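J.: I'll drop the sequence and a predicted model, then ask my questions.
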Amino acid sequence: MQLFDVYPLFDINITKGAGCHVWDDHGTEYLDLYGGHAVISIGHCHPHYTAMLTAQLSKLGFYSNSVINTLQQQLAERLGKACGYDDYQLFLINSGAEANENALKLASFHTGRTRVLSAEKAFHGRTSLAVEVTNNPKIIAPINDCGHVTYLPLNDLDAWERELAKGDVAACIIECIQGVGGIRMVDEEFAKGLHAACKKYGTVLICDEIQCGYGRSGKFFAHQWLGIRPDIITCAKGIGNGFPMGAVIISPEFKPVYGMLGTTFGGNHLACTAALAVLDVIENEHLVENAHEVGEYLIGKLKEMQQHNSHIVDVRGRGMMIGIELDIPHKNVRSRLIHEEHCFTGCASTNILRLLPSLCLTKQQADEFVEKFKRSLNSCL
C-alpha cells in the first residue's frame, strides 16, 4: 500500500527536535520558525511535557467519555483562569476543524438558523461545515456546497451589518489574524462593530483562535487585542504542543443538552495531560509575554530590513505570527531558506512568507533568522 499523495513534500526527514530546532536523519540542524504549522507552542520535546505524558501513559492512556475524567475538569479550570474565561464552558475534541464544526452546530442549535457569514480568504478547516465556511473553492466538494455561507470582505463593517440586518444569520465566524489568508489583521473598529451588531441581531459570534490563539499573538487570544468577548472561541494546534487536541470555549448563555455533541477520543487522558503540561510551561516560563516581546523585536528587525530592500512589500502580524509580503514569489526564497540556510518557514498565497515559531523563540534566534532571510532573499534577486 502507498500513501495517498496529497502533500507536496520537501525531501527532508525530520527525526528529532528540541526547543526551536529540529534535526533530520542526516544530523542536519534546522532553525524552526514554522513550529509544525503553529502547533509547537512550547518548543519541541520540552522535558516537563515529555515527563508528564510518559507518566500518564504508564498509568492510563485512554478510557471513554462514559466515565469521569478528572483531568478534563482540571484543564477546564486551568484554561479558564489562564485565558480569562473562567465563567465559560469547555468542550474537548481532537482538531481545529472539529472545533469549528461543533461551534457552528452550537450556533445553529442556539438560534434555530442555518445561515453563516465568513470572511473572504478565511480558512476554518476541512470537515463538512468547516470547509463550507472556508473561502477556497478548490477544497469545497460539491457535497459541502450547500449555500449556507456568505463570504464578505474582512473589515468591511457595512457589508457585514447589511447581512446581519436580514435577521437570519446563525453565526459570524472570523479569524482575528488570518493565517492561510496571508496574516491579514482584523481592525479594532470592525471587531467592536461586528460584536455589537451580532448582539443586536441575535447572531452568535465565533472567534477562530486555532492558529492565532493560545498565546501566539502576545495575548492569550488574538481577539483580546480588539476589546471584544465572543460567544464561542475555538482553539487547537498549540493547545497540545503536537498531541492532537481541539477545544470549544462556550459562553454560559449556551445550555447543553445530552446527545447534542459527542466525541470518542476528545479530551482523553493523554490529550488532557499534554494540555495541562502546555499550560504549566506557558505560565512558568512566561511564554505569552515572550511571544509579545520577541515577536515585536522580530517584526521591528524585519521592518528595518524592509526600509533597505524594495522587494519586501510589507511586514505585518503580532507576536509569533508574522507575514512577510514580497514582490516576488516566495517559492525560491523559502527553498533557499530550507535547503541552504537550514531554516523552516511557512507560506501563504504565492508571495508571503509566514512565520509561526514556538512561543519560546529568543531574540538571538530572531536575529539568526533575519540574517538567513537576508542571504536567501538577496540570492534570489
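T.: Sure thing, it's come through.

J.: contacts and neighbour counts: CA atoms only from here.
T.: Will do.

J.: quick one: low-confidence ranges for the stretch 1-150 of the chain?
T.: For the stretch 1-150 of the chain, no stretch is flagged by pLDDT under 70.

J.: can you give me the strands in it?
T.: Assigned strands in the stretch 1-150 of the chain, in chain order: 14-18, 21-24, 29-32, 89-93, 115-119, 149-152 (criterion: DSSP state E, counting those that start in this stretch).

J.: do the stretch 151-300 of the chain as well
T.: Listed in chain order, the strands found in the stretch 151-300 of the chain under DSSP E, counting those that start in this stretch are 169-174, 177-178, 184-185, 204-208, 232-235, 246-250.

J.: would you list every one of the helices in the stretch 201-350 of the chain?
T.: For the stretch 201-350 of the chain, the helices defined by DSSP state H, counting those that start in this stretch cover 269-284, 287-307, 330-339.

J.: Run through the neighbouring helices and strands of the shortest one.
T.: Counting contacts by 3 or more Cα pairs under 8 Å, 6 or more residues apart in numbering; DSSP states H and E, helix 330-339 is packed against strand 343-344, strand 352-355, helix 363-379.

J.: which of the ones you listed is buried the deepest?
T.: When neighbours are counted by mean count of other Cα atoms under 10 Å, the highest per-stretch mean among the helices and strands packed on helix 330-339 falls to strand 352-355, a mean of 26.

J.: That strand: partners in the sheet, and parallel or antiparallel?
T.: For strand 352-355, the pairing partners within the sheet under DSSP bridges are strand 321-326 (antiparallel), strand 346-348 (antiparallel).

J.: Mean neighbour count and mean pLDDT for these - can I get that in TSV?
T.: Formatted as TSV, those follow (neighbours: other Cα atoms under 10 Å; pLDDT from 0 to 100):
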stretch	mean neighbour count	mean pLDDT
strand 321-326	25	98
strand 346-348	21	95
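
J.: Could I get the contacting residues of the residue minimising distance to the centre of the chain?
T.: The geometric centre of the chain, computed from its C-alpha atoms, lies nearest to residue 211 (Cα atoms, centre = their mean), at 0.9 Å. Residues in contact with residue 211, defined by Cα atoms under 8 Å, 6 or more residues apart in numbering, are 38, 179, 235, 236, 237, 238.

J.: Pipe these into a markdown table and attach distance to residue 278 per row.
T.: Shown next, in a markdown table, are the contacts of residue 211 (distance: Cα to Cα, whole Å):
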| residue | distance to residue 278 |
| --- | --- |
| 38 | 14 |
| 179 | 22 |
| 235 | 14 |
| 236 | 12 |
| 237 | 11 |
| 238 | 8 |
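
J.: my guess is residue 246 meets residue 238, correct?
T.: No - in this structure residue 246 lies outside contact range of residue 238 using Cα atoms under 8 Å: 9.2 Å.

J.: which of the two has more neighbours?
T.: residue 238 (30 against 27; other Cα atoms under 10 Å).

J.: okay, the more buried one: pLDDT?
T.: Looking at residue 238, its pLDDT reads 98.

J.: residues touching it, list them.
T.: Contact partners of residue 238, counting by Cα under 8 Å, 6+ apart, are 38, 39, 40, 41, 42, 210, 211, 213, 214.

J.: From residue 9, how far off is it?
T.: In this structure, residue 238 and residue 9 are 23 Å apart, going by Cα to Cα, to the nearest Å.

J.: Just the buried residues of stretch 236-254, please?
T.: 236-251 (16 or more other Cα atoms under 10 Å).

J.: now swap in stretch 297-309 and tell me
T.: Neighbour-count burial for stretch 297-309, counted by 16+ other Cα under 10 Å, picks out 297, 298, 299, 302, 303, 305, 306.

J.: Just the C-alpha atoms of it, please, in PDB.
T.: In PDB, the C-alpha atoms belonging to stretch 297-309 read as follows (Å, rounded to 0.1, in the frame of the first residue of the first chain):
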ATOM      1  CA  TYR A 297      11.500  42.600  18.300                       C
ATOM      2  CA  LEU A 298      11.500  40.400  15.200                       C
ATOM      3  CA  ILE A 299       8.900  42.500  13.400                       C
ATOM      4  CA  GLY A 300      11.000  45.600  14.200                       C
ATOM      5  CA  LYS A 301      14.100  44.000  12.700                       C
ATOM      6  CA  LEU A 302      12.200  42.900   9.600                       C
ATOM      7  CA  LYS A 303      10.700  46.400   9.100                       C
ATOM      8  CA  GLU A 304      14.300  47.800   9.300                       C
ATOM      9  CA  MET A 305      15.200  45.400   6.600                       C
ATOM     10  CA  GLN A 306      12.200  46.500   4.600                       C
ATOM     11  CA  GLN A 307      13.500  50.100   4.600                       C
ATOM     12  CA  HIS A 308      16.600  48.900   2.700                       C
ATOM     13  CA  ASN A 309      15.000  46.300   0.400                       C
END
